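coords below, sequence missing:
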(Lines give C-alpha, C1' and ligand atoms only; values in the text may rest on other atoms or scores of the structure.)
Protein backbone atom coordinates (compact mmCIF):
# COMPACT_ATOMS: atom_id res chain seq x y z
CA UNK A 1 0.00 0.00 0.00
CA UNK A 2 1.57 3.27 -1.08
CA UNK A 3 1.24 6.47 0.88
CA UNK A 4 0.89 10.10 -0.10
CA UNK A 5 2.47 12.94 1.89
CA UNK A 6 0.74 16.30 2.24
CA UNK A 7 1.59 19.42 4.19
CA UNK A 8 -1.06 20.89 6.45
CA UNK A 9 -0.38 23.83 8.78
CA UNK A 10 3.31 23.02 8.88
CA UNK A 11 2.79 19.41 9.92
CA UNK A 12 3.57 16.53 7.60
CA UNK A 13 0.72 14.06 7.36
CA UNK A 14 1.12 10.69 5.72
CA UNK A 15 -2.13 9.11 4.46
CA UNK A 16 -2.38 5.70 2.82
CA UNK A 17 -3.86 5.64 -0.63
CA UNK A 18 -6.66 3.26 -1.62
CA UNK A 19 -5.14 -0.12 -2.59
CA UNK A 20 -5.14 -0.97 -6.24
CA UNK A 21 -6.90 -4.09 -7.52
CA UNK A 22 -4.79 -7.20 -7.11
CA UNK A 23 -2.36 -5.53 -4.68
CA UNK A 24 -1.59 -7.77 -1.67
CA UNK A 25 -0.83 -6.55 1.83
CA UNK A 26 0.24 -8.22 5.05
CA UNK A 27 -2.32 -8.35 7.89
CA UNK A 28 -0.49 -5.64 9.84
CA UNK A 29 -0.16 -3.38 6.82
CA UNK A 30 -3.77 -4.08 5.92
CA UNK A 31 -5.02 -3.07 9.41
CA UNK A 32 -2.80 -0.03 9.41
CA UNK A 33 -4.08 0.81 5.98
CA UNK A 34 -7.71 0.64 7.12
CA UNK A 35 -6.97 3.00 10.00
CA UNK A 36 -5.05 5.24 7.66
CA UNK A 37 -7.85 5.30 5.11
CA UNK A 38 -10.34 6.22 7.82
CA UNK A 39 -8.13 9.10 8.92
CA UNK A 40 -7.50 10.13 5.34
CA UNK A 41 -11.20 10.14 4.53
CA UNK A 42 -11.72 12.73 7.27
CA UNK A 43 -8.88 14.92 6.01
CA UNK A 44 -9.07 14.40 2.28
CA UNK A 45 -12.50 12.83 1.54
CA UNK A 46 -13.43 9.20 0.75
CA UNK A 47 -11.61 6.97 -1.70
CA UNK A 48 -12.75 7.27 -5.26
CA UNK A 49 -15.28 4.60 -6.29
CA UNK A 50 -14.66 3.23 -9.73
CA UNK A 51 -17.82 2.46 -11.69
CA UNK A 52 -18.41 -1.17 -12.58
CA UNK A 53 -17.31 -2.04 -16.07
CA UNK A 54 -19.68 -3.42 -18.66
CA UNK A 55 -20.70 -7.04 -18.21
CA UNK A 56 -19.51 -9.35 -20.93
CA UNK A 57 -21.97 -10.98 -23.31
CA UNK A 58 -21.88 -14.32 -21.48
CA UNK A 59 -22.75 -12.74 -18.13
CA UNK A 60 -25.56 -10.71 -19.66
CA UNK A 61 -27.01 -13.83 -21.30
CA UNK A 62 -26.97 -15.76 -17.99
CA UNK A 63 -28.61 -12.90 -16.09
CA UNK A 64 -31.30 -12.52 -18.74
CA UNK A 65 -31.96 -16.28 -18.72
CA UNK A 66 -32.45 -16.31 -14.95
CA UNK A 67 -34.66 -13.22 -14.89
CA UNK A 68 -36.73 -14.62 -17.74
CA UNK A 69 -37.10 -18.08 -16.15
CA UNK A 70 -37.41 -17.54 -12.39
CA UNK A 71 -41.15 -16.78 -12.48
CA UNK A 72 -41.77 -20.23 -13.97
CA UNK A 73 -40.04 -21.97 -11.04
CA UNK A 74 -41.87 -22.75 -7.79
CA UNK A 75 -40.93 -23.71 -4.24
CA UNK A 76 -42.67 -26.87 -3.02
CA UNK A 77 -43.10 -27.63 0.69
CA UNK A 78 -44.84 -30.69 2.10
CA UNK A 79 -46.36 -31.83 5.37
CA UNK A 80 -47.16 -35.29 6.68
CA UNK A 81 -49.67 -36.44 9.25
CA UNK A 82 -48.29 -38.18 12.33
CA UNK A 83 -50.03 -39.48 15.42
CA UNK A 84 -48.90 -38.37 18.87
CA UNK A 85 -47.97 -41.49 20.83
CA UNK A 86 -49.44 -40.26 24.11
CA UNK A 87 -52.51 -38.24 23.11
CA UNK A 88 -53.31 -40.16 19.90
CA UNK A 89 -53.93 -36.81 18.24
CA UNK A 90 -53.07 -36.55 14.55
CA UNK A 91 -50.68 -33.70 13.84
CA UNK A 92 -49.49 -32.17 10.59
CA UNK A 93 -45.71 -31.67 10.61
CA UNK A 94 -43.25 -30.37 8.00
CA UNK A 95 -41.89 -33.19 5.86
CA UNK A 96 -39.60 -31.70 3.23
CA UNK A 97 -39.03 -29.18 0.47
CA UNK A 98 -38.33 -29.30 -3.21
CA UNK A 99 -38.78 -27.45 -6.45
CA UNK A 100 -41.07 -27.53 -9.45
CA UNK A 101 -42.03 -25.57 -12.54
CA UNK A 102 -45.14 -24.25 -14.25
CA UNK A 103 -46.19 -26.53 -17.11
CA UNK A 104 -49.08 -24.63 -18.69
CA UNK A 105 -51.56 -21.81 -18.24
CA UNK A 106 -54.02 -24.04 -16.42
CA UNK A 107 -51.99 -24.09 -13.21
CA UNK A 108 -50.33 -27.48 -13.65
CA UNK A 109 -47.02 -27.81 -11.81
CA UNK A 110 -44.48 -30.55 -12.53
CA UNK A 111 -42.18 -31.86 -9.82
CA UNK A 112 -40.54 -35.11 -8.74
CA UNK A 113 -42.68 -37.88 -7.32
CA UNK A 114 -40.26 -38.36 -4.43
CA UNK A 115 -40.76 -34.70 -3.44
CA UNK A 116 -44.46 -35.22 -2.68
CA UNK A 117 -44.43 -38.93 -1.83
CA UNK A 118 -46.37 -39.71 1.38
CA UNK A 119 -47.25 -36.03 1.84
CA UNK A 120 -50.64 -35.11 3.30
CA UNK A 121 -50.37 -31.43 2.32
CA UNK A 122 -48.47 -29.68 -0.45
CA UNK A 123 -47.89 -25.93 -0.69
CA UNK A 124 -46.64 -24.28 -3.85
CA UNK A 125 -44.96 -20.88 -3.50
CA UNK A 126 -44.54 -18.64 -6.53
CA UNK A 127 -41.62 -16.34 -7.22
CA UNK A 128 -43.69 -13.27 -6.28
CA UNK A 129 -44.34 -14.68 -2.79
CA UNK A 130 -47.90 -15.96 -3.27
CA UNK A 131 -48.60 -19.44 -1.92
CA UNK A 132 -51.26 -21.92 -3.00
CA UNK A 133 -52.41 -25.36 -1.97
CA UNK A 134 -51.22 -27.98 -4.43
CA UNK A 135 -53.62 -30.72 -5.49
CA UNK A 136 -52.13 -33.96 -6.77
CA UNK A 137 -53.39 -34.66 -10.31
CA UNK A 138 -51.31 -37.73 -11.07
CA UNK A 139 -47.95 -39.38 -10.50
CA UNK A 140 -45.63 -41.90 -12.10
CA UNK A 141 -43.19 -43.35 -9.54
CA UNK A 142 -41.45 -45.27 -12.34
CA UNK A 143 -40.44 -41.96 -13.95
CA UNK A 144 -40.18 -39.97 -10.67
CA UNK A 145 -42.65 -37.43 -12.06
CA UNK A 146 -45.72 -35.91 -10.40
CA UNK A 147 -48.20 -33.27 -11.55
CA UNK A 148 -49.85 -30.84 -9.13
CA UNK A 149 -52.43 -28.16 -9.79
CA UNK A 150 -52.82 -24.74 -8.22
CA UNK A 151 -55.74 -22.35 -8.63
CA UNK A 152 -54.33 -18.93 -9.53
CA UNK A 153 -57.06 -16.34 -10.12
CA UNK A 154 -54.95 -13.47 -11.43
CA UNK A 155 -51.48 -12.73 -12.72
CA UNK A 156 -50.82 -16.33 -13.66
CA UNK A 157 -47.13 -17.31 -13.72
CA UNK A 158 -45.66 -18.12 -17.15
CA UNK A 159 -45.07 -21.70 -18.23
CA UNK A 160 -41.49 -22.76 -18.78
CA UNK A 161 -40.60 -23.03 -22.50
CA UNK A 162 -40.28 -26.72 -23.43
CA UNK A 163 -37.35 -27.90 -25.54
CA UNK A 164 -36.03 -31.30 -26.63
CA UNK A 165 -33.48 -33.73 -25.20
CA UNK A 166 -32.85 -36.27 -27.98
CA UNK A 167 -30.50 -33.83 -29.70
CA UNK A 168 -28.45 -32.81 -26.65
CA UNK A 169 -24.67 -33.06 -26.87
CA UNK A 170 -22.05 -33.56 -24.19
CA UNK A 171 -20.44 -30.22 -23.41
CA UNK A 172 -23.55 -28.09 -23.82
CA UNK A 173 -24.09 -25.50 -21.11
CA UNK A 174 -26.98 -26.09 -18.72
CA UNK A 175 -28.64 -24.08 -15.97
CA UNK A 176 -30.44 -25.41 -12.90
CA UNK A 177 -32.90 -23.29 -10.93
CA UNK A 178 -34.28 -24.55 -7.64
CA UNK A 179 -34.36 -24.29 -3.88
CA UNK A 180 -31.37 -26.20 -2.47
CA UNK A 181 -31.49 -26.51 1.32
CA UNK A 182 -34.43 -24.10 1.28
CA UNK A 183 -32.39 -21.32 -0.36
CA UNK A 184 -35.10 -20.30 -2.77
CA UNK A 185 -34.60 -19.50 -6.45
CA UNK A 186 -30.94 -20.42 -6.66
CA UNK A 187 -29.20 -20.56 -10.04
CA UNK A 188 -26.30 -22.92 -10.74
CA UNK A 189 -24.58 -23.59 -14.03
CA UNK A 190 -22.60 -26.41 -15.60
CA UNK A 191 -22.47 -28.60 -18.67
CA UNK A 192 -23.98 -31.82 -19.95
CA UNK A 193 -21.43 -34.31 -18.61
CA UNK A 194 -22.92 -37.45 -20.16
CA UNK A 195 -26.10 -38.75 -21.77
CA UNK A 196 -28.27 -41.85 -21.62
CA UNK A 197 -27.37 -42.74 -18.04
CA UNK A 198 -29.42 -45.30 -16.10
CA UNK A 199 -30.29 -45.11 -12.42
CA UNK A 200 -31.72 -47.99 -10.40
CA UNK A 201 -33.95 -47.07 -7.48
CA UNK A 202 -34.32 -48.91 -4.19
CA UNK A 203 -37.77 -50.18 -5.25
CA UNK A 204 -36.29 -51.87 -8.32
CA UNK A 205 -37.34 -49.29 -10.93
CA UNK A 206 -34.78 -48.25 -13.49
CA UNK A 207 -34.93 -44.76 -14.98
CA UNK A 208 -33.24 -44.67 -18.37
CA UNK A 209 -31.91 -41.92 -20.65
CA UNK A 210 -30.95 -39.64 -17.75
CA UNK A 211 -28.91 -36.50 -18.38
CA UNK A 212 -25.77 -36.28 -16.25
CA UNK A 213 -24.59 -32.78 -15.35
CA UNK A 214 -22.01 -31.13 -13.15
CA UNK A 215 -24.29 -28.17 -12.37
CA UNK A 216 -24.60 -28.04 -8.58
CA UNK A 217 -27.71 -30.02 -7.57
CA UNK A 218 -28.41 -30.41 -3.87
CA UNK A 219 -31.32 -31.56 -1.68
CA UNK A 220 -34.15 -29.16 -2.47
CA UNK A 221 -33.24 -28.90 -6.16
CA UNK A 222 -35.31 -32.00 -6.87
CA UNK A 223 -38.18 -31.23 -9.22
CA UNK A 224 -36.64 -28.04 -10.55
CA UNK A 225 -35.96 -27.39 -14.23
CA UNK A 226 -32.72 -28.01 -16.08
CA UNK A 227 -32.49 -25.47 -18.88
CA UNK A 228 -30.34 -25.06 -21.97
CA UNK A 229 -28.69 -21.79 -23.00
CA UNK A 230 -31.90 -20.72 -24.76
CA UNK A 231 -33.83 -21.02 -21.50
CA UNK A 232 -35.78 -24.04 -22.72
CA UNK A 233 -36.59 -27.03 -20.51
CA UNK A 234 -34.39 -30.04 -21.24
CA UNK A 235 -34.89 -32.01 -18.02
CA UNK A 236 -36.14 -32.19 -14.45
CA UNK A 237 -33.47 -32.45 -11.76
CA UNK A 238 -34.06 -35.69 -9.90
CA UNK A 239 -31.01 -37.16 -8.18
CA UNK A 240 -27.38 -36.74 -7.21
CA UNK A 241 -24.55 -39.17 -6.73
CA UNK A 242 -22.82 -38.24 -3.50
CA UNK A 243 -21.36 -40.11 -0.51
CA UNK A 244 -22.17 -37.11 1.71
CA UNK A 245 -25.64 -36.26 0.40
CA UNK A 246 -24.47 -32.90 -0.93
CA UNK A 247 -23.36 -31.92 -4.39
CA UNK A 248 -20.31 -33.80 -5.66
CA UNK A 249 -20.47 -32.66 -9.27
CA UNK A 250 -22.62 -35.58 -10.44
CA UNK A 251 -26.31 -34.85 -10.85
CA UNK A 252 -29.03 -36.46 -12.94
CA UNK A 253 -32.12 -35.14 -14.68
CA UNK A 254 -35.04 -36.92 -16.31
CA UNK A 255 -34.97 -35.82 -19.96
CA UNK A 256 -37.71 -33.57 -21.30
CA UNK A 257 -38.63 -36.05 -24.04
CA UNK A 258 -39.75 -38.41 -21.26
CA UNK A 259 -41.56 -35.58 -19.48
CA UNK A 260 -43.46 -34.68 -22.67
CA UNK A 261 -44.63 -38.27 -22.96
CA UNK A 262 -45.59 -38.75 -19.31
CA UNK A 263 -47.07 -35.43 -18.16
CA UNK A 264 -49.95 -35.22 -20.69
CA UNK A 265 -51.06 -38.71 -19.62
CA UNK A 266 -50.97 -37.73 -15.95
CA UNK A 267 -53.01 -34.60 -16.64
CA UNK A 268 -55.56 -36.56 -18.68
CA UNK A 269 -56.01 -39.69 -16.57
CA UNK A 270 -53.85 -39.35 -13.46
CA UNK A 271 -51.67 -42.29 -14.42
CA UNK A 272 -49.33 -43.51 -17.14
CA UNK A 273 -50.42 -46.38 -19.35
CA UNK A 274 -47.22 -48.28 -20.06
CA UNK A 275 -46.85 -50.66 -22.99
CA UNK A 276 -46.41 -54.26 -21.95
CA UNK A 277 -45.62 -57.70 -23.30
CA UNK A 278 -48.03 -59.50 -21.00
CA UNK A 279 -45.53 -61.71 -19.23
CA UNK A 280 -44.98 -62.44 -15.53
CA UNK A 281 -41.46 -61.62 -14.39
CA UNK A 282 -39.80 -61.16 -10.99
CA UNK A 283 -36.48 -59.47 -10.29
CA UNK A 284 -35.54 -61.61 -7.28
CA UNK A 285 -36.29 -64.92 -8.99
CA UNK A 286 -34.76 -63.67 -12.20
CA UNK A 287 -31.43 -62.95 -10.55
CA UNK A 288 -31.25 -66.45 -9.07
CA UNK A 289 -32.38 -68.26 -12.22
CA UNK A 290 -30.11 -66.22 -14.46
CA UNK A 291 -27.17 -66.96 -12.19
CA UNK A 292 -27.92 -70.69 -12.10
CA UNK A 293 -28.24 -70.86 -15.86
CA UNK A 294 -25.29 -68.58 -16.50
CA UNK A 295 -27.21 -66.23 -18.79
CA UNK A 296 -27.85 -62.48 -18.88
CA UNK A 297 -31.53 -61.86 -19.54
CA UNK A 298 -35.07 -61.85 -18.14
CA UNK A 299 -36.66 -65.22 -17.50
CA UNK A 300 -40.35 -65.43 -18.45
CA UNK A 301 -42.18 -67.12 -15.57
CA UNK A 302 -45.65 -67.06 -17.07
CA UNK A 303 -47.37 -65.75 -20.21
CA UNK A 304 -50.77 -64.10 -19.69
CA UNK A 305 -53.47 -65.60 -21.84
CA UNK A 306 -54.58 -63.25 -24.62
CA UNK A 307 -51.60 -60.94 -24.13
CA UNK A 308 -49.19 -59.64 -26.75
CA UNK A 309 -46.64 -62.29 -25.73
CA UNK A 310 -49.28 -65.02 -25.97
CA UNK A 311 -50.24 -63.92 -29.49
CA UNK A 312 -46.57 -63.95 -30.49
CA UNK A 313 -45.99 -67.44 -29.10
CA UNK A 314 -43.64 -66.69 -26.23
CA UNK A 315 -43.26 -69.47 -23.67
CA UNK A 316 -43.13 -69.27 -19.90
CA UNK A 317 -41.47 -71.62 -17.43
CA UNK A 318 -43.20 -74.85 -16.46
CA UNK A 319 -42.93 -77.22 -13.52
CA UNK A 320 -42.36 -80.92 -14.17
CA UNK A 321 -43.98 -83.73 -12.16
CA UNK A 322 -40.95 -84.04 -9.92
CA UNK A 323 -41.09 -80.29 -9.10
CA UNK A 324 -38.22 -79.24 -11.35
CA UNK A 325 -38.61 -75.85 -13.02
CA UNK A 326 -38.27 -76.17 -16.78
CA UNK A 327 -37.18 -72.89 -18.30
CA UNK A 328 -39.15 -71.38 -21.15
CA UNK A 329 -38.06 -68.28 -23.05
CA UNK A 330 -35.55 -65.80 -21.68
CA UNK A 331 -35.69 -62.25 -23.07
CA UNK A 332 -32.20 -60.99 -23.87
CA UNK A 333 -32.84 -57.94 -26.07
CA UNK A 334 -35.51 -55.53 -27.36
CA UNK A 335 -34.84 -54.13 -30.83
CA UNK A 336 -31.23 -55.18 -30.46
CA UNK A 337 -30.71 -53.46 -27.09
CA UNK A 338 -29.66 -55.82 -24.27
CA UNK A 339 -31.90 -56.30 -21.24
CA UNK A 340 -30.21 -58.03 -18.34
CA UNK A 341 -32.64 -57.17 -15.56
CA UNK A 342 -36.37 -56.74 -15.09
CA UNK A 343 -35.91 -53.03 -14.49
CA UNK A 344 -33.95 -52.60 -17.69
CA UNK A 345 -36.58 -54.51 -19.69
CA UNK A 346 -39.37 -52.28 -18.37
CA UNK A 347 -37.32 -49.18 -19.09
CA UNK A 348 -36.69 -50.35 -22.68
CA UNK A 349 -40.40 -50.97 -23.25
CA UNK A 350 -41.14 -47.51 -21.87
CA UNK A 351 -39.49 -46.01 -24.96
CA UNK A 352 -42.46 -47.21 -27.02
CA UNK A 353 -46.16 -46.49 -27.31
CA UNK A 354 -49.07 -48.89 -27.03
CA UNK A 355 -49.55 -50.36 -30.50
CA UNK A 356 -45.88 -50.21 -31.51
CA UNK A 357 -44.32 -53.39 -32.88
CA UNK A 358 -40.94 -54.39 -31.47
CA UNK A 359 -38.44 -57.14 -32.14
CA UNK A 360 -37.89 -59.22 -29.00
CA UNK A 361 -34.89 -61.55 -28.91
CA UNK A 362 -35.38 -64.59 -26.69
CA UNK A 363 -33.14 -67.48 -25.75
CA UNK A 364 -35.04 -70.69 -26.48
CA UNK A 365 -33.49 -74.16 -26.17
CA UNK A 366 -30.03 -72.62 -26.24
CA UNK A 367 -30.64 -70.63 -29.43
CA UNK A 368 -31.52 -66.98 -29.99
CA UNK A 369 -34.87 -66.42 -31.67
CA UNK A 370 -36.32 -63.08 -32.85
CA UNK A 371 -40.04 -62.56 -32.32
CA UNK A 372 -42.13 -59.61 -33.55
CA UNK A 373 -44.58 -58.41 -30.88
CA UNK A 374 -47.18 -55.65 -30.98
CA UNK A 375 -47.32 -54.02 -27.55
CA UNK A 376 -50.58 -53.74 -25.63
CA UNK A 377 -51.62 -51.47 -22.76
CA UNK A 378 -50.58 -52.54 -19.29
CA UNK A 379 -53.01 -52.80 -16.41
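Yep, it's here. All values reported here derive from a predicted model rather than from experimental measurement.

count of neighbours near the nearest residue in space to residue 178 that is not next to it in sequence?
Nearest non-adjacent residue to residue 178, counting by CB to CB, 6 or more residues apart in numbering: residue 224, 3.1 Å away. Every residue, glycine included, has its C-beta placed from N, CA and C. Residue 224 has 33 neighbours, counted by other CB atoms under 10 Å.

quick check: residue 224 touching residue 100?
Yes: applying CB atoms under 8 Å as the test, residue 224 and residue 100 come out as touching, 7.0 Å apart.

between these two, which contacts overlap?
Residues touching both residue 224 and residue 100 by CB atoms under 8 Å, 6 or more residues apart in numbering: residue 73.

not counting its neighbours along the chain, what's nearest residue 104?
Nearest in space to residue 104, with sequence neighbours left out and distances taken as CB to CB, 6+ apart, is residue 159 at 5.1 Å.

which helix or strand contains the one you found?
Secondary structure from DSSP states H and E places residue 159 outside every helix and strand.

what mean pLDDT does the one helix or strand residue 109 maps to have?
Taking DSSP H and E as the criterion, residue 109 maps to strand 108-111. Averaging pLDDT along strand 108-111 gives 95.

ok, it: who's next to it in the sheet?
strand 90-102 (antiparallel), strand 145-149 (antiparallel) (DSSP bridges).

which of these has the lowest average pLDDT?
Taking the mean pLDDT of these, strand 90-102 comes last: a mean of 76.

which stretches of the stretch 201-350 of the chain form helices?
With DSSP state H, counting those that start in this stretch applied, the stretch 201-350 of the chain shows helices at 256-269, 283-293, 308-312, 342-349, listed in chain order.

for the residue nearest to residue 104, phi and psi?
phi -80, psi 150 (degrees, to the nearest 10).

check contacts around it.
By CB under 8 Å, 6+ apart, the neighbours of residue 159 are 72, 102, 103, 104, 105.

distance-wise, check the third one relative to residue 317.
What that stands for is residue 103. 44 Å (CB to CB, to the nearest Å).

can you tell me which of the contacts of residue 159 are in strands?
Assigned to strands by DSSP state E, the following of these qualify: residue 102.

can I get the buried part of the contacts of residue 159 as one ChimeraX selection?
Those of the contacts of residue 159 that count as buried under 16 or more other CB atoms under 10 Å are selected in ChimeraX with:
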select :72,102,103
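
assess the claim that residue 70 and residue 177 are in contact.
Yes: counting by CB under 8 Å, residue 177 is a contact partner of residue 70 at 6.5 Å.

overlap in contacts of those two?
Listed as contacting both residue 70 and residue 177 by CB under 8 Å, 6+ apart are residue 185.

these two: which has the busier surroundings?
A direct count of neighbours by other CB under 10 Å for residue 70 and residue 177 places residue 177 higher, at 25 against 15.

who does the helix or strand encompassing that one pair up with?
In this assignment (DSSP H and E), residue 177 forms part of strand 173-178. Its sheet considered, strand 173-178 pairs with strand 186-200 (antiparallel), strand 225-227 (antiparallel) by DSSP bridges.

pick the most deeply packed of those.
strand 225-227 (a mean of 30; mean count of other CB atoms under 10 Å).

any idea which of the helices of the stretch 201-350 of the chain is most buried?
The highest mean neighbour count among the helices of the stretch 201-350 of the chain, using mean count of other CB under 10 Å, belongs to helix 342-349: a mean of 22.

helix or strand next in line after it, which one?
strand 357-364.

where do the strands of the stretch 1-150 of the chain begin and end?
3-8, 11-16, 73-83, 90-102, 108-111, 121-125, 131-133, 135-140, 145-149 (DSSP state E, counting those that start in this stretch).

what's near enough to touch residue 73?
99, 100, 101, 102, 127, 160, 177, 178, 185, 224, 225.

try it again with 6 Å
101, 177 (CB atoms under 6 Å, 6 or more residues apart in numbering).

model confidence for it, exactly?
What the model reports for residue 73 is a pLDDT of 93.

begin at 579 from now on, thanks
Yes, from this point I'll number from 579; that puts the last item at residue 651.

okay, and the beta partners of it?
As for beta bridges, residue 651 partners with residue 679 under DSSP bridges.

please apply the same query to residue 942.
Applying DSSP bridges, one finds that residue 942 bridges with residue 945.

wait, it touches residue 907, no?
Yes: in this structure, residue 942 is within contact of residue 907 by CB atoms under 6 Å, at 5.2 Å.

more neighbours: which of these two?
Between residue 942 and residue 907, residue 907 has the larger neighbour count (other CB under 10 Å), namely 25 against 15.

distance-wise, check residue 932 relative to residue 876.
For residue 932, the distance to residue 876 - CB to CB - is 20 Å.
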